[in-house]
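Colleague: need a structure here:
(chains A and B)
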Amino acid sequence: QKEVEQNSGPLSVPEGAIASLNCTYSDRGSQSFFWYRQYSGKSPELIMFIYSNGDKEDGRFTAQLNKASQYVSLLIRDSQPSDSATYLCAVNIYTGGFKTIFGAGTRLFVKA
Amino acid sequence: DTEVTQTPKHLVMGMTNKKSLKCEQHMGHRAMYWYKQKAKKPPELMFVYSYEKLSINESVPSRFSPECPNSSLLNLHLHALQPEDSALYLCASSQDPQGRGTYEQYFGPGTRLTVT
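Modeller: Predicted structure coming up:
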């Protein structure tokens, strides 16, 4: 089992729809969870972080964390073509010491 | 201000060259990171500096040599690289004093390295 797993996609949604991105992780001791957006040829940009179970909302973005199920998700409401990017889930995982591990990323396409 | 800067933006070097990548942050962060990212892959951690001391080395070949001259600067010295080392090299910083991934990291724009 990979330490941080995401569906690679591509996930295609129409403009204005809700995009739902999912991530599972292997370490029950993980405490910090991050979502980054990466446009092609650019560096990752932090869009959300969450530490506690439940939902965290910031504008059109909502992060959801369920530590019992080892699951974190990102919802993007009113998706726009400019949201088309790769979304990376990152988790602090213990592998002989805690460090940030990135999932492989999910490619999102928002169709106008 | 959440800016991390990196220079140069692009670098082409031969396998016998010596070059350096530079990273700077002015957010007062005490942890700084080097990542390597190949096309269509996630960033892979290379090194972590915590309070200017190397705290994590992910078994990176010695042809990559990191240096942290002060709390704002991070360098990556390159020597005798191979073509497979061509990638986007990303610097990041975090308020996480131990570099344990507890807090969010902010990435610089990266250096696109091509080894010929």
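Colleague: Tell me the spacing between the residue in chain A sticking out farthest from the centre and B:K36.
Modeller: What lies farthest from the middle of chain A is A:G96; by Cα atoms, centre = their mean that is 24.2 Å. Distance of A:G96 to B:K36, given as Cβ to Cβ, to the nearest Å: 20 Å. For the C-beta atoms, the positions are set from N, CA and C on the backbone; glycine is no exception.
Colleague: Which positions in chain B make contact with chain A?
Modeller: B:41-43, B:45, B:48, B:56, B:88, B:90, B:98-110 (Cβ under 8 Å from any Cβ of the partner chain).
Colleague: if you set the cut-off to 10 Å instead, what comes out?
Modeller: Applying Cβ under 10 Å from any Cβ of the partner chain, one finds that chain B approaches chain A through B:2, B:4, B:6, B:33, B:35, B:37, B:39-45, B:48, B:55-56, B:58, B:88, B:90-92, B:94, B:96, B:98-110, B:112.
Colleague: For chain B, just list every one of the strands.
Modeller: B:4-7, B:10-13, B:18-25, B:31-37, B:44-50, B:53-57, B:64-70, B:73-79, B:87-94, B:105-107, B:111-115 (DSSP state E).
Colleague: Now do the fifth one: distance to the chain's middle.
Modeller: Translated: strand B:44-50. Centroid displacement of strand B:44-50 relative to its chain, using Cα atoms, centre = their mean, to the nearest Å, is 7 Å.
Colleague: Please identify the pairing partners of it and their relative orientation?
Modeller: Sheet pairing here is set by DSSP bridges, and for strand B:44-50 it gives strand B:31-37 (antiparallel), strand B:53-57 (antiparallel).
Colleague: tell me the angle of it relative to strand B:87-94?
Modeller: Going by axes from the mean of the first three to the mean of the last three Cα atoms, to 10 degrees, strand B:44-50 is angled at 30 degrees with respect to strand B:87-94.
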